[in-house]
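**Student:** could you look at this predicted model? Sequence included:
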Amino acid sequence: MTAIIIALAFGYLLGSIPFGFLLTRAAGLGDVRTIGSGNIGATNVLRTGNKGLAALTLLLDALKGTAAVLIASRYGIELGIAAGFAAFLGHLFPVWLGFKGGKGVATYLGVLVAFAWQAALVFAVIWLAVAALTRYSSLAALIAAIAVPITLYLFGLVDYAIVLALMTVLVFVKHRANISRLMDGTESKVGAKG
């Protein structure tokens, strides 16, 4: 139990590092939470017009999920699962920003890479296809996330499938406003500036 608590704490603290917020501040672009969706993730960082910063945000938000799993897994697969889930929660609810964080897609993907890179590849292909067809990042993420637990289950990775199913539910919860805007036809498209 002590090891699980340590893994959860480690994962949460790592996941709660708000890279989008820190990078835009460091670049002199102000507080990314004041533009676009008000989100700290890569899609909203892209609305600053700085593609490089958005790509770096995406990479770092993903890597914190991957790192949490890989580091904790050295002490047991259960600890890796716990740390990965906690990293995802940390990104959604970072203590440093009053528990108001991102929507979790990049960190979700980072955790998935550590769990099963093949399933991460399925996610990426679906995301790219939907985003290319619709130019809606949120819709692409939601459709890709639905496919992940199913893919993991088909691969026989039931424990991972259960955790990712819960994470998928949380991704949908965090995208409530996006879903509403998609239905209204008012959702911002990829590349739209804040």
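**Tutor:** Yes, it's here. Numbers count the residues shown, from 1 in each chain.
**Student:** please go through the protein and pick out the longest helix.
**Tutor:** Ranked by residue count, the top helix of the chain under DSSP state H comes out as helix 51-73.
**Student:** quick one: buried residues of the helix or strand following that helix?
**Tutor:** The C-terminal neighbour of helix 51-73 among helices and strands, as given by DSSP states H and E, is helix 77-92. Buried residues in helix 77-92, counted by 16 or more other CB atoms under 10 Å: 79-92. Quick note: C-beta positions are derived from backbone N, CA and C, even for glycine.
**Student:** what angle do the following helix or strand past helix 77-92 and helix 51-73 make?
**Tutor:** Note on helix 77-92: by DSSP H and E, the next helix or strand toward the C-terminus is helix 105-115. Computed by axes from the mean of the first three to the mean of the last three CA atoms, to 10 degrees, the angle separating helix 105-115 from helix 51-73 equals 40 degrees.
**Student:** identify the residues contacting helix 105-115?
**Tutor:** 15, 41-42, 57-58, 61-70, 73, 80-81, 84-85, 87-88, 91, 119-120, 123-124, 141, 145, 148, 152, 157, 160, 163-164, 167-168, 171 (CB atoms under 8 Å, 6 or more residues apart in numbering).
**Student:** buried sites along the host helix or strand of A177?
**Tutor:** Element membership for A177 (DSSP H and E) is helix 176-184. For helix 176-184, burial by neighbour count (16+ other CB under 10 Å) applies to 178, 181-182.
**Student:** could you dump that helix to CSV, C-alpha only?
**Tutor:** This file holds the C-alpha atoms of helix 176-184, laid out as CSV (Å, rounded to 0.1, in the frame of the first residue of the first chain):
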residue,chain,number,x,y,z
ARG,A,176,-18.0,18.7,-22.3
ALA,A,177,-17.8,22.2,-23.7
ASN,A,178,-16.2,21.0,-26.9
ILE,A,179,-18.9,18.5,-27.4
SER,A,180,-21.5,21.2,-27.0
ARG,A,181,-19.7,23.4,-29.5
LEU,A,182,-19.4,20.6,-32.0
MET,A,183,-23.1,20.0,-31.8
ASP,A,184,-23.7,23.7,-32.3
